[in-house]
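Participant: sequence unknown, structure follows:
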């Protein structure tokens, strides 16, 4: 069995949402599973790279915002998002906690967080929304809500984010195929080429 | 006749070189000419966006350097470049001066600057290299060398760079098709989709 494709995501990125949508059929076609791994743009962009957030960057900010909408439309997604950007930590911690228990369920959770946040403009950091989601997925909501407040779970997500930085991940989506890293939803075609050819 | 595709480039970007290589057949296939327009990454990235140069950015710098090599190999180009980054102004001013005289010749000049800089590691800001190039293209070298030192030519390039910023251009390659902007050598497939569909 070929190694999984690592897929690094942050819920707050529209390109992470688009990337998740695009990589799935490609991985499946090539008999690869996806290993969903959390990263945090706030940490990589601001703390490690020393850059300002993209939306606050002149010229590039407005372009990226237009581009995300255009890219999403092209692949059949709609980007709505609440007016206020979601706090990424509660759903990221919940994902991390779930991943240690049931990877498949964690992925279903992550996809639903993306779909509800980006597709339905629901703030998935809101405890009420998280409760709804756990209910829909058959997860014990009380257990999840107290887990994401625990020091252990916070520390485990921190370790995962540190691991993403050690792996050189700075943006999302990032895909790693057999040790080769690709950044960007607009690079899924290149990931596919790599899978087809084994590299060049 | 359909409007030209605007193509914004800076000689110092490997992706500009790759983008020039990729956009030409796409434009030709769709009966579009290319309008080569200079931009300067030093101005857009540092002065306007307030970011540090990409090579100095942790995580992203090393990735981009690896990616440029990989991307170039994929499209049949080699990236050599001199150890020291070329000063972009002399060839950009020369291009701008030529463009006002003979657009086709200016494009041939730009392509040769890219090929010699990226493909043959020659410093195309060096007066000797510029002299060689003008000779090969049948341009009056003395005239060109004194033109790029003149205040008028410096001012004209500045106007062109200001125009790129007013158009919202922050990186290279940037393509503008019928008012729609696309940034990145990895977006040529999307430019092509836009040309095929007229937008979505």
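Facilitator: Thanks, I have it. Keep in mind that this is a model prediction, so the values were computed, not measured.

Participant: rest of the way, CA atoms for contacts and neighbours
Facilitator: Fine.

Participant: Hmm, residue A:172 is touching residue A:15, no?
Facilitator: Yes: Residue A:172 is within contact range of residue A:15, at 6.7 Å (criterion: C-alpha atoms under 8 Å).

Participant: who touches both of these two?
Facilitator: Common contacts of residue A:172 and residue A:15, defined by C-alpha atoms under 8 Å, 6 or more residues apart in numbering or on different chains, comprise A:184-185.

Participant: Contact partners for residue A:105?
Facilitator: A:98-99, A:137.

Participant: what do you get if the cut-off is 7 Å, keeping everything else the same?
Facilitator: Residues near residue A:105 by C-alpha atoms under 7 Å, 6 or more residues apart in numbering or on different chains: none.

Participant: again with residue A:53
Facilitator: A:45-46.

Participant: tell me which parts of chain A are close to chain B?
Facilitator: Chain A comes close to chain B at residues A:48-49, A:51, A:57-60, A:74, A:168-170, A:186-187, A:200, as judged by C-alpha under 7 Å from any C-alpha of the partner chain.

Participant: Can you name the two of those that sit furthest apart?
Facilitator: Within the residues of chain A next to chain B, A:58 and A:200 form the most distant pair, 36.2 Å apart (C-alpha to C-alpha).

Participant: which stretches of chain A form strands?
Facilitator: Remark: strands assigned in chain A by DSSP state E are A:5-9, A:34-38, A:174-177, A:180-183.

Participant: Dump these to TSV, plus mean neighbour count and distance to residue A:20.
Facilitator: As requested, the strands of chain A are exported to TSV (neighbours: other C-alpha atoms under 10 Å in any protein chain shown; distance: least, C-alpha to C-alpha, whole Å):
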stretch	mean neighbour count	distance to residue A:20
strand A:5-9	24	8
strand A:34-38	21	9
strand A:174-177	24	10
strand A:180-183	20	12
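
Participant: could you dump these to JSON lines with mean pLDDT?
Facilitator: JSON lines is the format used below for these (pLDDT from 0 to 100):
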{"stretch": "strand A:5-9", "mean pLDDT": "98"}
{"stretch": "strand A:34-38", "mean pLDDT": "98"}
{"stretch": "strand A:174-177", "mean pLDDT": "98"}
{"stretch": "strand A:180-183", "mean pLDDT": "98"}
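
Participant: would you list those strands in JSON lines and tack on distance to residue B:90?
Facilitator: Converted to JSON lines, the strands of chain A look like this (distance: least, C-alpha to C-alpha, whole Å):
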{"stretch": "strand A:5-9", "distance to residue B:90": "42"}
{"stretch": "strand A:34-38", "distance to residue B:90": "45"}
{"stretch": "strand A:174-177", "distance to residue B:90": "37"}
{"stretch": "strand A:180-183", "distance to residue B:90": "33"}
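
Participant: Which one of those lies nearest to residue B:68?
Facilitator: Closest approach to residue B:68 among the strands of chain A is made by strand A:180-183 (11.5 Å; C-alpha to C-alpha).

Participant: tell me what that closest one is packed against?
Facilitator: When contacts are defined as 3 or more C-alpha pairs under 7 Å, 6 or more residues apart in numbering or on different chains; DSSP states H and E, strand A:180-183 sits against strand A:174-177.

Participant: Okay, now the sheet partners of the strand it packs on, with direction.
Facilitator: strand A:5-9 (antiparallel), strand A:180-183 (antiparallel) (DSSP bridges).

Participant: residues in contact with the longest one?
Facilitator: When you say that, I think you mean strand A:5-9. For strand A:5-9, the surrounding residues in contact (C-alpha under 7 Å, 6+ apart) are A:16, A:32-39, A:172-177.

Participant: That one vs strand A:34-38, what angle?
Facilitator: Put simply, strand A:5-9 runs at 30 degrees to strand A:34-38, going by axes from the mean of the first three to the mean of the last three C-alpha atoms, to 10 degrees.

Participant: what's around the closest residue to residue A:97 other than its chain neighbours, how many residues?
Facilitator: Leaving out its chain neighbours, the residue that sits closest to residue A:97 by C-alpha to C-alpha, 6 or more residues apart in numbering or on different chains is residue A:153, at 6.2 Å. Neighbours of residue A:153 under the rule other C-alpha atoms under 10 Å in any protein chain shown: 17.

Participant: Now do the same contact list for residue A:153.
Facilitator: Residue A:153 is in contact with A:93, A:97, A:147, counting by C-alpha under 7 Å, 6+ apart.

Participant: Give me the subset of the residues you listed that lies in helices.
Facilitator: Cross-referencing the contacts of residue A:153 against helices under DSSP state H gives A:93, A:97, A:147.

Participant: if I look at the last one, how far off is chain B?
Facilitator: When distances are taken as C-alpha to the nearest C-alpha, to the nearest Å, residue A:147 and chain B turn out to be 31 Å apart.
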